[in-house]
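Colleague: Structure for this input, please:
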Amino acid sequence: MTAYLATRLLTIVPVLWGVSVVVFMLVHLLPGDAVQMFLGTQVSMTPVQMAELRRLFGLDKSLPLQYLDWVGRLLLGDFGVSLRTSRPVLPEILARLPISAEITLLALVVALVIALPIGVTAALRRGTVTDALISVLGLVGLSVPNFWLAAMLLLVLASLPVASIGVYVSFTAHPIQNLTVMALPAFSLGVSLAAVIMRFVRSSLLEVLGQDYVRTARAKGLRERTVVDRHALRNALIPVITVIGFQVGYLLGGTVVIEEVFALPGMGRLALNAIGQRDYPVVQGIVLLIAALFVLTNLVVDVLYALVDPRVRYG
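Modeller: Take a look at the predicted model:
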């Protein structure tokens, strides 16, 4: 296990390097210029002044040199300085990270609470009307965009006392107010994930229920609930854990739109503002951080395999 973890940690380096190259090139291919966005339309400057301002921002260098400068600072733990606010990028991102992480965690909890019992029920009642209705609901959940669902929830449920719209307050400062503000964003983001997990739970559990050891457990006279809970469900969760691991990374990316809809000051909203303002260091730092979290999440998922199924061993 130690050798496997060391190997996986080493593979993170080329992955993050590839992400850094892609995000750097894509961000700099955006039309417009950070200096022009910074000045706006009300300020006029001579070409000499514009050239000096670009030099101060480091935009007068070629793209390869700008990339090397950025990567060199990253190796020292310096994500650069925002072109818009002149503040260090990393502290600004880390200040927004807890909000995005909380939305992701709550959305995952919502998805699991919905998906696990419904998926198990659909597998145990395969071919019945209940199974057909659950399959239809799963397709609806996959088809509905989370931003549309968020907008509908704002219109219909925002007035309820259990789910309100207000100024974000951290969980440690005021837990009740925090959860009431985060309820709608978490639900709108977790519904589509619940549909994905539910379908995998159903298919995986159906496959496990057909195994010989499950038939043996039933032949011993064990109750159906004991067979499902102690023998079938645990082994059926291995592919489900894989799906959850991948989806957590997508949830972090999905918070971009949700945070904008609900006016939450998270990383997603910061990224949207930075893209509109051509604030290259902020956009690059956020994407690189999300990529690192995505890779680390998948590493944790691989470790969980051995905890869920002791037969799993890594060379």
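
Colleague: Could you list the low-pLDDT ranges of the stretch 1-150 of the chain?
Modeller: 1, 4, 31-45, 57 (pLDDT under 70).

Colleague: Tell me the buried residues in stretch 103-120?
Modeller: 103-104, 106-108, 110-112, 114-116, 118-120 (16 or more other Cβ atoms under 10 Å). Quick note: C-beta positions are derived from backbone N, CA and C, even for glycine.

Colleague: swap that for stretch 214-225, please
Modeller: Those would be 214, 217, for stretch 214-225 by 16+ other Cβ under 10 Å.

Colleague: Give me the distance between the two termini of it.
Modeller: This stretch, stretch 214-225, spans 12 Å end to end (Cα to Cα, to the nearest Å).

Colleague: and that stretch, how far out from the chain's middle?
Modeller: 39 Å (Cα atoms, centre = their mean, to the nearest Å).

Colleague: Next one, pLDDT for the closest residue in space to residue 213 that isn't next to it in sequence please.
Modeller: Excluding its sequence neighbours, the residue lying closest to residue 213 (Cβ to Cβ, 6 or more residues apart in numbering) is residue 231, at 6.6 Å. Residue 231 is assigned a predicted lDDT (pLDDT) of 75.

Colleague: hang on, residue 231 is in a helix, isn't it?
Modeller: Yes: with DSSP: H, G, I helix; E, B strand; the rest coil as the criterion, residue 231 is part of a helix.

Colleague: Might one say that it is in contact with residue 216?
Modeller: No: applying Cβ atoms under 8 Å, one finds residue 231 not in contact with residue 216, separated by 9.0 Å.

Colleague: what's the closest non-adjacent residue to residue 274?
Modeller: If the residues on either side of it in the chain are set aside, residue 274 comes closest to residue 282, at 3.8 Å by Cβ to Cβ, 6+ apart.

Colleague: how about the one you found, secondary structure?
Modeller: Using three-state DSSP, the structure places residue 282 in helix.

Colleague: So which residues of the stretch 101-250 of the chain form helices?
Modeller: Ranges of helices in the stretch 101-250 of the chain, per DSSP state H, counting those that start in this stretch, are 129-143, 146-157, 175-209, 212-219, 224-226, 233-261.

Colleague: list the buried ones in the last one?
Modeller: If you call a residue buried by 16+ other Cβ under 10 Å, then helix 233-261 has these buried ones: 233, 235-238, 240-245, 247-249, 251-261.

Colleague: Now do the contacts for residue 269.
Modeller: 96, 256, 259, 260, 263 (Cβ atoms under 8 Å, 6 or more residues apart in numbering).

Colleague: Residue 93 now?
Modeller: Residue 93 touches 79, 267, 270, 282, 285, 286, 289, counting by Cβ under 8 Å, 6+ apart.

Colleague: got it, and residue 9?
Modeller: Neighbours of residue 9 in contact, by Cβ under 8 Å, 6+ apart: residue 299.

Colleague: and what of the one 10 residues further on?
Modeller: Residue 19 makes contact with 287, 288, 291 under the criterion Cβ under 8 Å, 6+ apart.

Colleague: so how far is residue 221 from the second one?
Modeller: Just to be clear, that refers to residue 288. Remark: distance between residue 288 and residue 221 (Cβ to Cβ, to the nearest Å) = 56 Å.

Colleague: Per-residue pLDDT of the residue nearest to residue 274, please?
Modeller: pLDDT, residue 282: 88.

Colleague: surely it meets residue 271?
Modeller: Yes: checked against Cβ under 8 Å, the pair residue 282 and residue 271 is within contact range at 7.3 Å.

Colleague: So for these two, which sits in the more crowded spot?
Modeller: residue 282 (28 against 25; other Cβ atoms under 10 Å).

Colleague: Next up, the contacts around the more buried one.
Modeller: Counting by Cβ under 8 Å, 6+ apart, residue 282 touches 82, 83, 84, 89, 92, 93, 270, 271, 274.

Colleague: these two touch, right, residue 194 and residue 141?
Modeller: Yes: counting by Cβ under 8 Å, residue 194 does reach residue 141; the two are 6.2 Å apart.

Colleague: Which one's more surrounded, the two?
Modeller: When neighbours are counted by other Cβ under 10 Å, residue 194 and residue 141 differ, and residue 194 comes out ahead with 25 against 21.

Colleague: Quick one: residues contacting the spatially most central residue of the chain.
Modeller: Geometric centre of the chain, nearest residue: residue 252, 2.0 Å, by Cα atoms, centre = their mean. Counting by Cβ under 8 Å, 6+ apart, residue 252 makes contact with 100, 101, 104, 267, 290, 293, 294.

Colleague: With residue 112 instead?
Modeller: Neighbours of residue 112 in contact, by Cβ under 8 Å, 6+ apart: 194, 197, 244.
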